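Q: My questions are about this predicted structure, shown below with the sequence.
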Amino acid sequence: MKQDFDLNIVLQRIEEAIRPFPKAAMFDLFERGYSSLFEQLISCVISIRTLDETTIPVSLRLFAKARTPQELLTLSPEQLTELLYGSTYPEQKAHTMLGIAKAALEQYDNELPADFDKLKALKGVGPKCANLALGVASQQAAISVDVHVHRVVNRWGYVLTKQPEQTLKVLEEKVPQTQWVHINRLLMPFGKHICTGTLPHCSTCPVLQWCDQVDVTRHR
């Protein structure tokens, strides 16, 4: 690193830098009142390979019809697929959501368990969504690693990993638990708007002095 890496200072600077930009989708929806573990998990399923600009309106459209497992199970796969139009793989996601709702109703008395392993055991739920839903809805210490988080921390040189799952494990070892939830909240919009995949805004980056700019060959 160009300077001794201080994660607290880096995250403080990023917090200020991302203020003009939209919040990450799950945190935005939480502030709108969609704060249950079920709602957060369902929205995260919608977000898979889908931009936040689409995830939020699709989630709002769905929640206007169904916000609980019982309500979602009143929808047919075809109705649910239509509500998910605009997100990627809407038919597949519809079946995933119906499976989640059925499990919530039949296995967990209509209340999804705030437990990483049990959520990840649900078909179609990966570690990113399990951790993000737990971190936002249940305020648990959980790190969610999406493509932005994975790219940013590797570009810094803070971790040296090839896959998001590897990044998650290293971050859990290096980052204090008090910061875990903030990793996705801050680094997702930072990676989307400032530390972008191509031509990152290095010349105006608030944390350039700590960044090794790994694999950056051109920037703005």
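A: Done, it's in. Numbering: from 1, shown residues only.

Q: Could you use CA atoms for every contact and neighbour count after this?
A: Will do.

Q: per-residue confidence averaged over stretch 9-17?
A: The predicted model gives stretch 9-17 an average pLDDT of 97.

Q: correct me, but residue 40 touches residue 34?
A: Yes. Using C-alpha atoms under 8 Å, residue 40 and residue 34 qualify as a contacting pair, with a distance of 7.0 Å.

Q: between the two, which one's more packed in?
A: Looking at residue 40 and residue 34 with other C-alpha atoms under 10 Å, you find the greater number of neighbours at residue 40, namely 27 against 20.

Q: Setting the sequence-adjacent residues aside, check what's closest to that one.
A: Excluding the flanking residues, the one nearest residue 40 by C-alpha to C-alpha, 6 or more residues apart in numbering is residue 133, at 5.1 Å.

Q: The one you found: how many residues sit nearby?
A: Counted with other C-alpha under 10 Å, the neighbours of residue 133 add up to 30.

Q: Next, find the distance separating it from residue 185.
A: In this structure, residue 133 and residue 185 are 12 Å apart, going by C-alpha to C-alpha, to the nearest Å.

Q: list residues touching both of the two?
A: Overlap of the contact sets of residue 133 and residue 185 (by C-alpha atoms under 8 Å, 6 or more residues apart in numbering) is empty.

Q: Could you pull up the residues touching the residue nearest to residue 187 when sequence neighbours are not counted?
A: The shortest distance from residue 187 to any non-neighbouring residue, by C-alpha to C-alpha, 6+ apart, is to residue 149 (5.5 Å). Shown here is residue 149, whose contacts under the criterion C-alpha under 8 Å, 6+ apart are 183-184, 187-188, 191.

Q: which one among these gets closest to residue 111?
A: The shortest gap between residue 111 and any of the contacts of residue 149 belongs to residue 184, at 24.8 Å (C-alpha to C-alpha).

Q: got the contact list for the closest one?
A: Residues counted as contacts of residue 184 (C-alpha under 8 Å, 6+ apart) are 24, 132, 143-146, 149.

Q: Can you spell out the domain ranges of this protein, please?
A: 7-18+143-210, 25-137 (automatic domain parsing).

Q: returning to that earlier point: any chance of the contacts of residue 149 in TSV, with secondary structure too?
A: Converted to TSV, the contacts of residue 149 look like this (DSSP: H, G, I helix; E, B strand; the rest coil):
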residue	secondary structure
183	helix
184	helix
187	helix
188	helix
191	helix
